[in-house]
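>>> Next comes the sequence, and after it the predicted model I'd like to discuss.
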There are 2 protein chains.
Amino acid sequence: MKIKKVHQWICLLLIILAPITQATEKKFRWKMVTTWPPHFPIFQIGVEKFAKDIEDMSNGRLKIKVSAGGELVPALQTFDAVSQGLVQMGHGSAYYWAGKIPAAQFMSAVPFGMTAKGMNAWFYKGGGLKLWRDLYQPFGVIPFPAGNSGVQMGGWFKKKINSLEDLKGLKMRIPGLGGKVLSKAGVATKLLAVGEIYTALERGNIDATEFVGPFHDQRLGLYRAAKYYYYPGWHEPGAVMELIVNKKAWQSLPKDLQKIVEIATRALNQWMYNEFEGLNIKALRELTQQYKVEVLPFPDDVIKELKRLTVETLEEESAKDAKFKQVYEAFKAFQADHDAWNAIADEAYSKALAK
Amino acid sequence: MKIKKVHQWICLLLIILAPITQATEKKFRWKMVTTWPPHFPIFQIGVEKFAKDIEDMSNGRLKIKVSAGGELVPALQTFDAVSQGLVQMGHGSAYYWAGKIPAAQFMSAVPFGMTAKGMNAWFYKGGGLKLWRDLYQPFGVIPFPAGNSGVQMGGWFKKKINSLEDLKGLKMRIPGLGGKVLSKAGVATKLLAVGEIYTALERGNIDATEFVGPFHDQRLGLYRAAKYYYYPGWHEPGAVMELIVNKKAWQSLPKDLQKIVEIATRALNQWMYNEFEGLNIKALRELTQQYKVEVLPFPDDVIKELKRLTVETLEEESAKDAKFKQVYEAFKAFQADHDAWNAIADEAYSKALAK
């Protein structure tokens, strides 16, 4: 065989082998939907960063196309879309699925529950994540903690709340368990989509509203429609966001890509919380200094009564649903220990700083 | 050319090509040293998990051999070993390099500084990480936040501390800026290695000692040598751990591996904090319920005076070192805003829970 012929064969072989060696590195093209509006700060932006991080870490082997709420499926169909395998991933918060899985509310926020550090300790060191995975297991969905709002605010009020009496007959936008608790206290609670809140408050169709915290509330312009800003956000002390993955899609990933996704969710969990803290710090200063918002604590009798009504509400829900009861018991036991430690750690330290 | 000959050529070519196609995926074998004793819970264990995660995420392309303090180089030579390129990575805490870089102390913990959430917000949203990278830049070292102890405890005391007077002449093991502050308050501060603390306290060579928090303190058996356990850990409200990488080694990594390391440090940062919280919660319960430890707050006059002496100390250090002053000013400004937000968020929420 002549040298020229050998060269021809080598060339031919290289052409044949090129796609084969590349194919050993299978590429995944995934779709992801979220419960957030397009470009929604921290939430949607964070999820897009998460997808980009995974693409970079995997050198393009796992590429995730992120759609905001309503772009591919309606926001509140995120869980179903992941469960049915219409998309491989979703991002939202577990209390959105309360209608389907009442106990899921403990995996995002319940009134007078735990703050971010307690929730993370519960998930990773107190059995919380296992309970969460058990809840989603029948739906073929795997959840990961993936974001935290920090302590939210109690809401915007057009009139001062001086006592429990002032809550009676008040029209307030507040969803979820917090809304149930306030209803018991005599508040006429309303459900309004985010886009309707400002106008309703400005026109007096509602007297009060909760939303998130200083950063998001400032962007929605709520300080222009109500003067009194109450704290603390007793109804959402540290709302957890979730990444959900379709189980079959998860199993189709090789081990290195699974680990990349898992570690990326932990980073996203912390990233969102850092963003919230950093941006809330700045927004609170602007709200109080530039916009002269009056920031006030709820009166003691209001807080005490809301706590009592929260226990009543959680016990009523427990009586209706065995899984809710099971998770509530586990959550309560962990929180009792957490609060005992917190009292001498972060809480005592905050008090020392203020002395 | 006969078919048989073609087969021979194909076989030969495959043998030649195999190592070439594999070589396109360059493998990195890195060494890492830490400041922690072998198997030291949370710290060394966390770093080993971090190395394993990176190996798994990179499918073995970046393999990091972790050595504990003293195994390859002495614990406190970790920074130098990374700076000189003897190893590619290190893990420790920035205040260990206070002799070389006084301002580095702000990157782990200063008395009456910020807790974990404030430190993370400062690093990632308040310019803190940029200041940190500038400090290490002359040494060819890149730092990443990679762990947090949470609020530490004030320490173990053989006698009750009823007032400022009781600190005078007290022999206490406490290093760093906290030690400088207590010296000003009349305490005879001592430096003791971890292995010496228990015996010194038990024999009365010291009257008091600080260490970490309930989990580590329980393991060291300190409750057997002193009865009173004081809170809060005013001197270390949220000690930050660091991952440090040799700059040239970092630049030698392809972009996907750089991103894997970066995201893994964020996950480690949160992982360690979760571990601390989860394990401290449990250890505190055991210390108080099983071992009948008396957990007490420092008296108000003690806290107030330690705060005053902390400001004095930080101003003295600022006068000695321009970079210390620069970082102190930035830290102070961020903390003022952080504390204002914290007062109506986490702090107010803790108070509401206790009502």
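It's in. Residues are numbered from 1 along each chain as shown, chains lettered A, B, ... in the order given.

>>> Can you tell me the element the closest residue to residue A:271 other than its chain neighbours falls in?
Of all residues not flanking residue A:271 in the chain, residue A:46 sits nearest, at 6.0 Å (CB to CB, 6 or more residues apart in numbering or on different chains). For the C-beta atoms, the positions are set from N, CA and C on the backbone; glycine is no exception. In this structure, residue A:46 sits in helix A:43-57 according to DSSP states H and E.

>>> check contacts around the residue in the stretch 201-350 of chain A that chain B sits nearest to.
At 2.4 Å from chain B, residue A:278 is the closest residue in the stretch 201-350 of chain A, using CB to the nearest CB. By CB atoms under 8 Å, 6 or more residues apart in numbering or on different chains, residue A:278 lies in contact with B:121, B:124-126.

>>> quick one: the strands in chain A?
Per DSSP state E, chain A carries strands over the ranges A:28-34, A:62-67, A:89-92, A:141-148, A:155-157, A:171-173, A:188-190, A:208-209, A:228-231, A:240-246, A:294-297.

>>> Serialize the ones you listed to JSON lines and add fields for mean pLDDT.
Below are the strands of chain A laid out as JSON lines (pLDDT from 0 to 100):
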{"stretch": "strand A:28-34", "mean pLDDT": "98"}
{"stretch": "strand A:62-67", "mean pLDDT": "98"}
{"stretch": "strand A:89-92", "mean pLDDT": "98"}
{"stretch": "strand A:141-148", "mean pLDDT": "98"}
{"stretch": "strand A:155-157", "mean pLDDT": "98"}
{"stretch": "strand A:171-173", "mean pLDDT": "98"}
{"stretch": "strand A:188-190", "mean pLDDT": "96"}
{"stretch": "strand A:208-209", "mean pLDDT": "98"}
{"stretch": "strand A:228-231", "mean pLDDT": "98"}
{"stretch": "strand A:240-246", "mean pLDDT": "98"}
{"stretch": "strand A:294-297", "mean pLDDT": "98"}
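
>>> all helices in the stretch 201-350 of chain A, in order from the N-terminus.
Assigned by DSSP state H, counting those that start in this stretch, the helices in the stretch 201-350 of chain A fall at A:214-219, A:247-252, A:255-289, A:300-320, A:322-344, A:346-354.

>>> The fourth one close to chain B?
Just to be clear, that refers to helix A:300-320. Yes: contact of helix A:300-320 with chain B (CB under 8 Å from any CB of the partner chain) involves A:300, A:303-304, A:307.

>>> repeat for the last one
Yes: Helix A:346-354 comes into contact with chain B (CB under 8 Å from any CB), by way of A:346-354.

>>> Pull the most distant pair out of these.
A:346 and A:354 (12.8 Å; CB to CB).

>>> Run through the stretch 1-150 of chain A and note the low-pLDDT ranges.
A:1-24 (pLDDT under 70).

>>> residue in it nearest to chain B?
Closest point on the stretch 1-150 of chain A to chain B, by CB to the nearest CB, is residue A:125, at 2.5 Å.

>>> wouldn't that residue be in contact with residue B:276 here?
No: contact criterion CB atoms under 8 Å: residue A:125 and residue B:276 do not qualify, at 9.4 Å.

>>> Look at those two and report which has more neighbours.
Taking neighbours as other CB atoms under 10 Å in any protein chain shown, residue A:125 and residue B:276 compare with residue B:276 leading, 32 against 19.

>>> returning to that earlier point: so which of the contacts of residue A:278 are in helices?
B:121, B:124-125 (DSSP state H).

>>> Also near chain A: which of the residues you listed, exactly?
B:121, B:124-125.

>>> Mind checking which of residue A:346 and residue A:354 has more residues around it?
residue A:346 (26 against 10).

>>> Quick check: pLDDT value at the more buried one.
Each residue has a pLDDT score; the one for residue A:346 is 97.

>>> Which positions in the stretch 51-200 of chain A make contact with chain B?
A:53, A:56-59, A:112, A:115-118, A:120-121, A:123-126, A:150-151, A:153.

>>> If any of those residues are buried, give me the PyMOL selection for them.
To isolate the buried members of those in PyMOL, using 16 or more other CB atoms under 10 Å in any protein chain shown:
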select buried, chain A and resi 53+56+57+58+59+112+115+116+117+118+120+121+123+124+125+126+150+151+153
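
>>> Not counting its neighbours along the chain, what's nearest residue A:59?
In space, and not counting its chain neighbours, residue A:59 is closest to residue B:256: 4.1 Å by CB to CB, 6+ apart.

>>> so the one you found touches residue A:54, yeah?
No: here residue B:256 lies out of contact with residue A:54, judged by CB under 8 Å, at a distance of 10.7 Å.

>>> Give me the more crowded residue out of those two.
In terms of neighbours (other CB under 10 Å), residue A:54 is the more surrounded of residue B:256 and residue A:54; the figures are 25 against 19.

>>> Please tell me how far the spatially most central residue of chain A sits from residue B:135.
Chain A has residue A:241 as the residue nearest its centroid, 2.3 Å off, counting by CA atoms, centre = their mean. Computed with CB to CB, to the nearest Å, the distance linking residue A:241 and residue B:135 is 33 Å.

>>> try residue A:217
When distance is defined by CB to CB, residue A:217 is 36 Å away from residue B:135.

>>> again, but for residue A:93
From residue A:93 to residue B:135 the distance is 38 Å (CB to CB).

>>> Same question for residue A:263.
With CB to CB as the criterion, residue A:263 and residue B:135 are 27 Å apart.

>>> What of residue A:229?
Distance, residue A:229 to residue B:135, using CB to CB: 38 Å.

>>> and what of residue A:199?
According to CB to CB, residue A:199 and residue B:135 sit 50 Å apart.

>>> same deal with residue A:136?
Here the criterion is CB to CB. By it, residue A:136 lies 45 Å from residue B:135.

>>> Ok, residue A:284 next?
Going from residue A:284 to residue B:135 by CB to CB gives 29 Å.

>>> next one: residue A:142
Remark: distance between residue A:142 and residue B:135 (CB to CB) = 41 Å.

>>> neighbour count winner among these two?
A count of neighbours by other CB under 10 Å puts residue B:135 above the other of residue A:142 and residue B:135, at 24 against 20.

>>> Quick check, that one in contact with residue B:102.
No: using CB under 8 Å, residue B:135 is not in contact with residue B:102, being 9.6 Å away.

>>> Now for these two: what residues contact both?
By CB under 8 Å, 6+ apart, residue B:135 and residue B:102 have these common neighbours: residue B:323.

>>> In the stretch 251-355 of chain A, where is pLDDT below threshold?
Using pLDDT under 70, nothing in the stretch 251-355 of chain A is flagged.

>>> Report the distance from stretch A:220-236 to the chain centre.
Chain-centre distance of stretch A:220-236: 19 Å, with CA atoms, centre = their mean, to the nearest Å.

>>> May I have the distance across that stretch, first residue to last?
End-to-end distance for stretch A:220-236, by CA to CA, to the nearest Å: 19 Å.

>>> how about the nearest residue to residue A:101, chain neighbours excluded?
Per CB to CB, 6+ apart, closest to residue A:101 is residue A:135, 5.5 Å.

>>> contacting residues around the one you found?
By CB under 8 Å, 6+ apart, the contact set of residue A:135 is A:101, A:103-104, A:107, A:323, A:327.

>>> Would you confirm that residue A:218 contacts residue A:285?
No: using CB under 8 Å as the test, residue A:218 is too far from residue A:285 to be in contact (10.5 Å).

>>> quick one, which of these two is more surrounded?
More crowded of residue A:218 and residue A:285, by other CB under 10 Å: residue A:218, with 21 against 15.

>>> Ignoring the adjacent residues along the chain, who's closest to that one?
Nearest non-adjacent residue to residue A:218, counting by CB to CB, 6+ apart: residue A:283, 4.6 Å away.
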